[in-house]
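**Q** Fold the following, please.
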Amino acid sequence: MNAEIVIFGGSAHPELVNEICSHLSVPRSPVRTTRFANDCLQVQLQANCRERDVYLIQPLVPPVQENLVELLLMADAARGASAARVTAVMSHYAYARSDKKDAPRISIGGRLVADLLVTAGVNRVLTLTLHSAEVHGFFSVPVDHLHALRELAAHFRRLDLSNSVVLSPDLGYAKSAAAFARRLGVPVAAGAKERFSDNKVSISSIIGDVADQDVIILDDEIARGTTVLELLSVLRRHEPRSIRVVCTHGLFADGALEKLAAAEDVAEIVCTNSVPIPFKHPKLTVLSVAPALAEAIRRTHDGQSVSVLFEQ
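**A** Below is the predicted model:
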């Protein structure tokens, strides 16, 4: 694509926007967001979009609804300004958790928000580690679904992995855990999990050998930490040698980081900067996904393969 690249960032994660722009050597174009007396938002993109390749960087993080509406308004403004293409770069798509009808008369927010983004003017989506891979299919425009396994694996390769095992909290995430384990050259195990509500889960057993092993618990995101804390209680019965907890999206709501870090047998907690991480703790390591997102943007702009980036 020969059109000039233009990058706008919403207010959700300015640090990530700045880091991506730095890797691309592209200036961050300013966005003016105002709020009317009736609480409505208005967005003005303060750079030329006409026939440009426009990228809107905005993860859906708390306050999710505010950030979503801001992204929708940015997309509408870019389309109205005759952008050649509008790509939403969502390093975290919060509504991916709302992916199925698991109760009567319940909304499926993942699909609805996908429709809203397309209606607002988004022509392409670039996102990272969806909670459910099926959400990819909710979009009627092209989606580049990236993952952070490469960055996470690079961090763990500095350790002695001769007695390590990757542990998925449930069978639903076992495929990604197996891919991560292959990158590290170690076996994989999984918990048998049943979820009763947003803050209540039960893990009856662990499938695989974790006794006297260096266990790396891998999940897509940690919000309240309910699943990981329950998994830890079951894992301890097997007497692992050490425990590390790793995820892509470190949301850490309701004191989850403090609860995990308080566990003496948890040696390290690793996440990426896909969402803002306002917390600091000696056990917490934050890895950057900005280089990967920047390279994906560059390849999208140049019409090159993005999937090549994430092959093992």
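**Q** Relative to residue 153, how far out is the residue nearest to residue 145 when sequence neighbours are not counted?
**A** Distances taken as Cβ to Cβ, 6 or more residues apart in numbering place residue 136 nearest to residue 145, at 5.2 Å, with adjacent residues excluded. All C-beta atoms are positioned from the backbone trio N, CA, C, and that covers glycine. Taking Cβ to Cβ, to the nearest Å as the measure, residue 136 falls 22 Å from residue 153.
**Q** Settle it for me: which of those two has more neighbours?
**A** Higher neighbour count among residue 136 and residue 153: residue 153, with 19 against 16, using other Cβ atoms under 10 Å.
**Q** In which helix or strand does that one reside?
**A** Per DSSP states H and E: residue 153 is located in helix 149-156.
**Q** Against which helices or strands is that helix packed?
**A** helix 174-184, strand 242-250, strand 266-272, strand 284-287 (3 or more Cβ pairs under 8 Å, 6 or more residues apart in numbering; DSSP states H and E).
**Q** Which of these has the highest mean neighbour count?
**A** The highest mean neighbour count among the helices and strands packed on helix 149-156, using mean count of other Cβ atoms under 10 Å, belongs to strand 242-250: a mean of 24.
**Q** Give me the contacts around that strand.
**A** 92, 128-129, 147-148, 152, 156, 214-222, 228, 232, 235, 257, 260, 263, 265-272, 274-275, 277, 284, 286, 289 (Cβ atoms under 8 Å, 6 or more residues apart in numbering).
**Q** ditto for stretch 174-186
**A** 147, 149-150, 152-153, 156-157, 161, 164-168, 187-188, 190, 216, 218, 220, 312.
**Q** These in helices, which ones?
**A** 149-150, 152-153, 156 (DSSP state H).
**Q** Could you dump those residues into TSV and include pLDDT and distance to residue 35?
**A** Converted to TSV, the ones in helices among the contacts of stretch 174-186 look like this (pLDDT from 0 to 100; distance: Cβ to Cβ, whole Å):
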residue	pLDDT	distance to residue 35
149	95	39
150	94	40
152	97	38
153	97	43
156	97	44
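**Q** which one of those residues has the most neighbours?
**A** Neighbour-wise, these (other Cβ under 10 Å) top out at residue 152, 23 neighbours.
**Q** so who does the nearest residue to residue 140 once chain neighbours are set aside touch?
**A** With Cβ to Cβ, 6+ apart as the criterion, residue 140 has its nearest non-adjacent residue at 5.6 Å, and that residue is residue 118. Applying Cβ under 8 Å, 6+ apart, we find residue 118 in contact with 139-141.
**Q** likewise residue 126?
**A** Applying Cβ under 8 Å, 6+ apart, the residues near residue 126 are 55, 87-90, 143-144, 146, 293, 296-297, 300, 306.
**Q** Restricted to buried residues, select those residues in PyMOL.
**A** Buried members of those, defined by 16 or more other Cβ atoms under 10 Å, are picked up in PyMOL with:
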select buried, resi 55+87+88+89+90+143+144+146+293+296+297+300+306
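**Q** Could you list which of the contacts of residue 126 belong to strands?
**A** 55, 87-90, 143-144, 146 (DSSP state E).
**Q** which among those gets closest to residue 99?
**A** residue 143 (14.0 Å; Cβ to Cβ).
**Q** isn't the closest one right next to residue 123, touching?
**A** No: with contact defined as Cβ atoms under 8 Å, residue 143 does not count as touching residue 123 (11.1 Å).
**Q** mind checking the SS state of the residue of the chain most remote from its centre?
**A** Here the centre of the chain is the reference, and by Cα atoms, centre = their mean the most remote residue is residue 37, at 33.8 Å. The three-state label given to residue 37 by DSSP: H, G, I helix; E, B strand; the rest coil is coil.
**Q** Quick check: phi and psi at it.
**A** With angles defined as degrees, to the nearest 10, residue 37 sits at phi -60, psi -30.
**Q** now residue 281
**A** phi -160, psi 140.
**Q** Spit out the contact partners of it.
**A** By Cβ under 8 Å, 6+ apart, the residues touching residue 281 are 257-258, 261, 269.
**Q** Next step: these restricted to strands.
**A** residue 269.
**Q** So which of the contacts of residue 281 are in helices?
**A** 257-258, 261.
**Q** Go ahead and build a PyMOL selection from the buried members of these.
**A** The following PyMOL line selects those of these that are buried, judged by 16+ other Cβ under 10 Å:
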select buried, resi 257+261
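**Q** And residue 143, what's its pLDDT?
**A** Looking at residue 143, its pLDDT is 96.
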